[in-house]
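Visitor: sequence below, structure please.
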Amino acid sequence: MPGTASARARRRLLFLHTGGTLSMVRRSHPGPLEPDHYDRHVLPYVRGLEDLADIEACLVCAIDSSDMSPALWERIAAEVARGRERYDGFVVLHGTDTMAYTAAALSYMLRGLDRPVVLTGSQRPIAELRTDARANLVHSAMCATLDLPEVGLFFGDRLFRGNRASKVSIQAYDAFASPNFPPLLRVGVDVVPEAPALRQPGPFQLQAGFRPDVAVLHLVPGQDPRALHALVDTGARAVLLLGFGEGNLPASRWPQAIAEVSARGVAVIVLSQCRSGSAVAGRYQGSAAARDAGAIYGLDHTVEAAVVKAMWLLGQGLDRQGLADRFPCPIAGECTPAPA
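Guide: The predicted structure follows:
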């Protein structure tokens, strides 16, 4: 188990604030939660963290995470890249609704990452008496002092690999899960490791660039495959098709539609509607026909990790064939490769 800051040289951490529920306030009662200033509504509630590490803060933005964008992903990644020589770890304060997308984006951009980048947030604002924010923030800072050289997401009592996590609950304080990969560690009375950290070869490199023309289509029984053509007609260069079970599709009409849009240079990536398990082709006629028509099967990616991966691969200049070659291969531990 990696040592904590008390067992080694004192760590230096940078908190990157982007907004989210953790720092929101209600300006009237009743009334909606709104973003507010980080220093006024966060720092006073976590006094004592200075005993853990030397902490500085940087305001990236103060938004509801529904307004997160690829441009802001790149700003967060750029702050990490700029701070690598000065800080030993980073904590990104983020709204829960799109946190998993940001975690995936950072994991793809920060090539050869050699120190922890931990995203966290909360279900209730830190200024409220009954909140999960303080514990999440304290434990995230603790995780950022460990020897965990990857992008993680801490929530509840677990540190997940960031690109394996999904938000699964609106109400629960343990709002995130990682259905196809164990947590990196679990925090209770003791800190218990459950999976080894990812260690990427090569020097650090910030590899930004996203193309947002990626669409998601959730298949339902009886759906007309013209829906796929409609997405392509609006400009989508990759379509994530959420199929049934292992990624099964209707054997009639859908394979033909996939072949037609694939011939237009569009990547059709098939995932499962089930959170747990892997989308693979061949067990059933529909999935075999879809594969033969050009569908790319997305294995056990979460939807968040798959969407952002498609955006990032397109942003690196890859075409449909490039996505077919690269998508099934893990970039930062986001999927389990298919057996040879």
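Visitor: what's the end-to-end length of stretch 126-140?
Guide: Taking CA to CA, to the nearest Å, stretch 126-140 runs 14 Å from one end to the other.
Visitor: that stretch: which residues count as buried?
Guide: 126, 127, 131, 132, 133, 134, 135, 136, 137, 138, 139, 140 (16 or more other CB atoms under 10 Å). All C-beta spots, glycine's among them, are computed from the backbone N, C-alpha and C.
Visitor: let me have the residues you listed in a markdown table, extended by distance to residue 243.
Guide: As requested, those are arranged in a markdown table below (distance: CB to CB, whole Å):
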| residue | distance to residue 243 |
| --- | --- |
| 126 | 40 |
| 127 | 44 |
| 131 | 39 |
| 132 | 35 |
| 133 | 38 |
| 134 | 41 |
| 135 | 38 |
| 136 | 34 |
| 137 | 39 |
| 138 | 41 |
| 139 | 37 |
| 140 | 35 |
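Visitor: most widely separated two among these?
Guide: Maximum pairwise distance among those (CB to CB): 18.9 Å, between 127 and 139.
Visitor: residues contacting residue 253?
Guide: Taking CB atoms under 8 Å, 6 or more residues apart in numbering, we find residue 253 in contact with residue 225.
Visitor: what's the separation between it and residue 259?
Guide: Note on residue 253: its distance to residue 259, by CB to CB, to the nearest Å, is 11 Å.
Visitor: now do the helices in this protein.
Guide: 38-41, 70-83, 99-109, 133-143, 226-233, 254-263, 285-292, 303-315, 320-326 (DSSP state H).
Visitor: of all the ones you listed, which one comes closest to residue 217?
Guide: Nearest to residue 217, of those and by CB to CB, is helix 226-233 at 6.1 Å.
Visitor: residue 154 pairs with what?
Guide: Here residue 154 shows beta-bridge partners residue 159, assigned using DSSP bridges.
Visitor: surely it and residue 141 touch.
Guide: No - assessed by CB atoms under 8 Å, residue 154 is found out of contact with residue 141, at 9.3 Å.
Visitor: ok, these two, which is more surrounded?
Guide: residue 154 (31 against 23; other CB atoms under 10 Å).
Visitor: distance of that one relative to residue 313?
Guide: 27 Å.
Visitor: now render the helices of the chain as a markdown table, adding distance to residue 92.
Guide: Below are those laid out as a markdown table (distance: least, CB to CB, whole Å):
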| stretch | distance to residue 92 |
| --- | --- |
| helix 38-41 | 12 |
| helix 70-83 | 6 |
| helix 99-109 | 7 |
| helix 133-143 | 9 |
| helix 226-233 | 31 |
| helix 254-263 | 36 |
| helix 285-292 | 37 |
| helix 303-315 | 15 |
| helix 320-326 | 26 |
